[in-house]
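Participant: need a structure here:
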Amino acid sequence: MSLFSKKISSFTLLVIALLLFRVVLNYSIPLMDKTEARYAEIARIMAETNDFVTPQIDYHVPFWAKPPLSTWLSALSIKVFGENEFAVRFPYLLLNVLVLLLIGRYAKEKKLDFFIPAFVLLTIPEFLIHTGVVSTDTALAFCVTLVMISFWEAVKTTENHLWKYVFFIGLGLGMLAKGPIIFILTAPPIFVWMVFFKEYKTVWKNFNWFLGILLFVIIAAPWYYLAELKTPGFIDYFIVGEHFKRFFDSSWKGDMYGFPKSQPMGMIWLFLIAFAIPWILLVIQKVWQKKLSILKDKWVLFLLLWLLWTPGFFTISKSLIHPYIMPVMVPIALLITYWWEEFKNIKRIIYISLIFPGIALLIFIGMQFTSKSEFYINSDKHIIENIPDKNIPLFYWQDKSYSSQFYSKGKIKVIENEQALTTHFNTDNSFLIIIPHKRFKKMDPVYVKSLQEIDKNNKNGMYLFKK
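Facilitator: Numbers count the residues shown, from 1 in each chain. Modelled structure (predicted):
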């Protein structure tokens with residue numbers, strides 16, 4: 001037994017320290033383009049317009065790519081904390097804290113410290129990163145965890161009847177988090193486990209299917225109905241386009257909002273190894289050592305099916321990003337917890353697991369002592385906030401970044417072409433325009449000589465036109 005496992009307060013303090021570090025990052029780091037700032041801006045517009053039916057990627061431009069659960073949470077947080085980074089990120093911190101509290105019970109069942117699985121999760125790079133990143137993947141992972149844990153608890157015992165309803169609540173929330181993918185990621189591993197251990201009767205008996213399905217419909221259906229009613233075409237785009245065409249075609253031309261994310265086939269497994277290190281390596285080691293007995297252990301096989309199915313499903317997909325592995329961080333932590341006392345040199349493993357948070361901390365501290373961090377960071381926050389005259393018209397050349405939308409509170413506009421630029425040159429007394437460096441080099445010298453650079457970052461320059 002290690003020094004850490006003997007002292008209950010040690011893991012508690014480590015978990016608190018990691019969460020406080022994440023809170024500081026949530027407060028301090030600007031919203032990043034493209035994905036994070038995009039979802040933050042959608043939430044900001046929702047909070048401003050009070051339109052909680054149709055998420056908008058810009059004013060009067062519906063965002064059909066994702067359901068609204070994440071946007072609702074960020075928009076409500078903005079209502080409470082204001083328009084800032086901490087507000088839009090706070091719900092994702094909260095969701096992951098709920099996950100940490102939900103799975104601590106499995107450590108107690110093994111007579112271990114309640115916060116061991118929480119510590120494991122917070123030292124997994126993917127989980128720590130998304131404990132505060134504005135993303136639909138965190139909400140989806142929370143819903144997957146809710147579904148899988150409640151299914152296990154409902155099948156394991158009939159004493160607590162709440163779990164059989166939490167199962168359907170998780171499915172309903174999953175439909176609002178990211179859509180039918182909640183069924184794709186949870187139903188197959190549950191079905192395989194049920195068939196393998198012949199648990200048909202238990203599953204049928206332990207769930208109130210009529211009330212459960214009714215509860216699911218009450219949670220999920222109203223928004224889908226209202227969304228289609230308000231912006232016809234949403235159902236076809238979201239269900240057919242986002243769930244089938246995007247999966248099989250990385251260059252899908254119907255994508256109205258995203259950008260191609262073509263990856264080599266099977267890349268999801270490399271993402272899993274890279275972003276779940278070091279704990280995933282220990283899981284692989286233990287699975288190999290126990291390969292002959294795993295099929296007899298209901299809990300271990302349940303967790304392994306949960307862990308393997310998501311990357312297995314995305315193996316043939318070329319359109320993916322590393323957050324797609326978020327739903328399987330919890331089974332990694334629970335497997336590690338289950339085998340905790342079998343690991344040799346656990347103290348050394350704990351120190352190794354703290355390398356990633358430690359590096360992140362050193363980078364963050366280093367950023368505080370250099371102004372260059374503002375230059376290289378992938379956000380337009382600083383050049384927007386450093387504008388001396390907030391009343392001067394602000395434009396973006398050809399298309400605007402989502403961070404510029406958020407930090408200008410939606411005031412920034414687009415000058416799409418040289419004809420429109422000429423019109424502004426001829427009619428406006430002065431204005432500011434953000435131009436990407438690559439595009440600035442290609443601009444007509446006639447326009448360039450009329451612009452004065454007043455600020456810049458690694459990607460863009462801020463220019464003043466003044467007659």
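Participant: report the separation between the residue sitting nearest the centre point of the chain and Leu100.
Facilitator: The centroid of the chain falls nearest to Ser135 when counting by C-alpha atoms, centre = their mean (3.1 Å). Using C-beta to C-beta, to the nearest Å, Ser135 is found at 18 Å from Leu100. All C-beta atoms are positioned from the backbone trio N, CA, C, and that covers glycine.
Participant: got it, and Leu171?
Facilitator: Per C-beta to C-beta, Leu171 is found 22 Å from Leu100.
Participant: so which of the two has more stuff around it?
Facilitator: Taking neighbours as other C-beta atoms under 10 Å, Leu171 and Leu100 compare with Leu171 leading, 25 against 22.
Participant: let's verify the more buried one: helix, strand, or coil?
Facilitator: helix (DSSP: H, G, I helix; E, B strand; the rest coil).
Participant: Lys286 too?
Facilitator: Going by three-state DSSP: Lys286 is helix.
Participant: neighbours of it, how many?
Facilitator: By other C-beta under 10 Å, the residues close to Lys286 number 18.
Participant: local confidence estimate at the spatially closest residue to it that is not a sequence neighbour?
Facilitator: Nearest non-adjacent residue to Lys286, counting by C-beta to C-beta, 6 or more residues apart in numbering: Trp339, 5.2 Å away. pLDDT recorded at Trp339 is 96.
Participant: over to the one 4 residues further on?
Facilitator: The pLDDT attached to Phe343 in the predicted structure is 91.
Participant: tally of neighbours for it?
Facilitator: Neighbourhood size, Phe343 [other C-beta under 10 Å]: 16.
Participant: which residue, other than its chain neighbours, is closest to it?
Facilitator: Phe343 sits nearest to Ile349 (C-beta to C-beta, 6+ apart), 6.3 Å away.
Participant: what does Tyr237 give?
Facilitator: Trp64 (4.8 Å).
Participant: please apply the same query to Trp306.
Facilitator: Closest to Trp306 by C-beta to C-beta, 6+ apart is Pro331, at 4.4 Å.
Participant: can you tell me how far the one you found sits from Asp399?
Facilitator: To Asp399, Pro331 is 40 Å away according to C-beta to C-beta.
Participant: one more: Asp58?
Facilitator: Distance from Asp58 to Asp399, by C-beta to C-beta: 11 Å.
Participant: ok, back up a step: look at Pro331 and Asp399 and report which has more neighbours.
Facilitator: Pro331 (25 against 10).
Participant: what strand or helix carries the more buried one?
Facilitator: Here Pro331 is covered by helix 329-338, with elements defined by DSSP states H and E.
Participant: domain assignment for this protein?
Facilitator: Split into domains by automatic domain parsing, the chain comes to 3-366, 376-466.
Participant: pick the most buried one from those.
Facilitator: Of the domains of the chain, the one with the most neighbours on average (mean count of other C-beta atoms under 10 Å) is domain 3-366, at a mean of 18.
Participant: and that domain, how far from the chain's centre?
Facilitator: What separates the centre of domain 3-366 from the centre of its chain is 8 Å, taken as C-alpha atoms, centre = their mean, to the nearest Å.
Participant: what's next to the helix holding Pro331, contact-wise?
Facilitator: Surrounding helix 329-338, the residues in contact under the criterion C-beta atoms under 8 Å, 6 or more residues apart in numbering are 99, 103, 106-107, 110, 112, 116-118, 120-121, 124, 126-127, 141, 144-145, 148-149, 276, 279-280, 282-283, 286, 299-300, 303-304, 306-307.
Participant: any regions of the stretch 101-250 of the chain where pLDDT drops low?
Facilitator: Filtered on pLDDT under 70, the stretch 101-250 of the chain yields the residue ranges 158, 241, 243-250.
Participant: can you give me the helices in it?
Facilitator: Here the stretch 101-250 of the chain has its helices, by DSSP state H, counting those that start in this stretch, at 105-109, 116-122, 125-129, 136-156, 163-177, 181-196, 200-206, 209-230, 234-235, 246-248.
Participant: for those, which one sits closest to Ala43?
Facilitator: With C-beta to C-beta as the measure, helix 136-156 is the member of the helices of the stretch 101-250 of the chain nearest Ala43 (11.4 Å).
Participant: that closest one versus helix 181-196: what angle between them?
Facilitator: Relative orientation of helix 136-156 and helix 181-196, computed by axes from the mean of the first three to the mean of the last three C-alpha atoms, to 10 degrees: 30 degrees.
Participant: which strands or helices does helix 136-156 pack on?
Facilitator: helix 69-81, helix 85-103, helix 163-177, helix 181-196, helix 200-206, helix 298-314, helix 329-338 (3 or more C-beta pairs under 8 Å, 6 or more residues apart in numbering; DSSP states H and E).
Participant: to Asn50, which of those lies closest?
Facilitator: That would be helix 69-81 among the helices and strands packed on helix 136-156, by C-beta to C-beta, at 8.9 Å.
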